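> Predicted model follows, preceded by the sequence.
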Amino acid sequence: MPLPRLLLLLALASPAAFAAPSDGAPGDGWPAARAADTAFEPARLKTLDVRLGDGSLKQLTSVMVVQRGQPVYERYFNGADAGTLHDVRSATKSVTALLVGAAIDRGLLPGVQDRVYDRFPQFTARHEVDPRLRATTLADLLTMSSQWECNDENPFSSGNEERMYVTERWLDFALALPVKGYAPWMSKPADSPHGRAFAYCTAGSFVAGAVVERAAGKPLAEFAAEALERPLGIARSQWNRSPEGIGMGGGGTRYRTRDLAKFGQLVVDHGRWQGRQVISADYIAAMTSEQAKADDDAEYGYQWWRLHFDVGGRDVAAWAMSGNGGNYVMVVPERQLVAVITSTAYNQRNGHTQSREIFRELLAALR
């Protein structure tokens, strides 16, 4: 039985409420699914499909898989459908990294070594800035390795994102952060892989977006639509702004599942979409190269994670957009594989674990 028909029958027979695949929309850009092109084992994909439909995976809203440029699996759950705009939280950071590349490609920014404070002369005219911080570059922000005392995983950190959210001017909050200190048990940059001491800092991602916005001379959402979304055939999205009106490059954007998959396909195809070079191949290569060590089992590029999955005793690495609640766009370029998983399990321990396990099962179903 052809794979799409098999999955449709499973969907109709499953007790959980979830929607069948979308046929796309005019201008959507994705070709129709072709079962003959898939490299998945039908039996294992059937097993996953049954599990997704039995209601045991909580707050899941969508799963979409693209292999060799062809959508091969697409499901929606818990009231979501192909038109739903999903709040992907910090997966936004990876989109902001793409926008940095777009700005560089257009000559709006000279490169990732551009000095951040030089972009905000009104701030530096009013505030004395430590020389170590004046040297902060876009690369430092994109790799989460600036010298700001900023760590979202530490509630006592001066730069913890929750402290920023309750201030009136997020940009001033970030630019005024103190220099990071290193306790005896902490790794200093010189002692860290790639010379970068990683600390997850949403304030830095927000500033990276502000740099792009300032360089482009237009709102971040407008530049995103012009430089990235329209070239990818993305007709709808939602961007947040800070209280002072700066685009929020650190989190909270909303996209359709089918459009999130396009960001992953852009990585697979070295910055191209349907034959058009949207982001330069060199920038995509740098963005998805190991730039910092995030933790024991993950590396970091330019606001893209490199995650590892044990599949039958083999280590399979995937580049990923990752957001609170278990929201992911996973990419395995060498297998030409893109998977989107959206979920609303915000601030819950099982959100990320559940989505990663779904992706691990997808990897196991590959021939």
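Everything's here; your move.

> So this structure: which segments form each domain?
1-82+304-367, 85-258+269-299 (automatic domain parsing).

> The last one - what's its average pLDDT?
Right, the one you point to is domain 85-258+269-299. Across domain 85-258+269-299, the average pLDDT comes to 97.

> all numbers from here: first residue = 10
Renumbered: residue one is now 10, and that last one reads domain 94-267+278-308.

> May I have the distance across that domain, first residue to last?
For domain 94-267+278-308, the first-to-last residue distance is 29 Å (CA to CA, to the nearest Å).

> How far off centre is that domain?
Its chain's average C-alpha position is 12 Å from that of domain 94-267+278-308, according to CA atoms, centre = their mean, to the nearest Å.

> Same question for the shortest one.
Shown here is domain 10-91+313-376, whose average C-alpha point lies 16 Å from the average C-alpha point of the whole chain (CA atoms, centre = their mean).

> ranges for the strands of the stretch 210-359 of the chain?
263-264, 281-282, 285-286, 301-304, 307-309, 314-320, 323-332, 336-341, 346-352 (DSSP state E, counting those that start in this stretch).

> export those strands to a markdown table and tack on distance to Val72 and mean neighbour count?
C-beta here means a position set from N, CA and C on the backbone, and glycine is covered the same way. Formatted as a markdown table, the strands of the stretch 210-359 of the chain follow (distance: least, CB to CB, whole Å; neighbours: other CB atoms under 10 Å):
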| stretch | distance to Val72 | mean neighbour count |
| --- | --- | --- |
| strand 263-264 | 15 | 22 |
| strand 281-282 | 22 | 16 |
| strand 285-286 | 28 | 12 |
| strand 301-304 | 25 | 18 |
| strand 307-309 | 22 | 20 |
| strand 314-320 | 16 | 17 |
| strand 323-332 | 15 | 20 |
| strand 336-341 | 10 | 26 |
| strand 346-352 | 5 | 27 |
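
> Those strands: which one's closest to Val75?
For Val75, the closest of those is strand 346-352, at 4.2 Å, according to CB to CB.

> Check which helices and strands the closest one sits against.
Strand 346-352 is packed against strand 69-76, helix 266-277, strand 336-341, helix 359-373, with contacts defined by 3 or more CB pairs under 8 Å, 6 or more residues apart in numbering; DSSP states H and E.

> what's the angle between the helix or strand Ile113 falls within and strand 336-341?
Using DSSP states H and E, Ile113 falls within helix 101-114. Interaxial angle, helix 101-114 versus strand 336-341 (axes from the mean of the first three to the mean of the last three CA atoms, to 10 degrees): 60 degrees.
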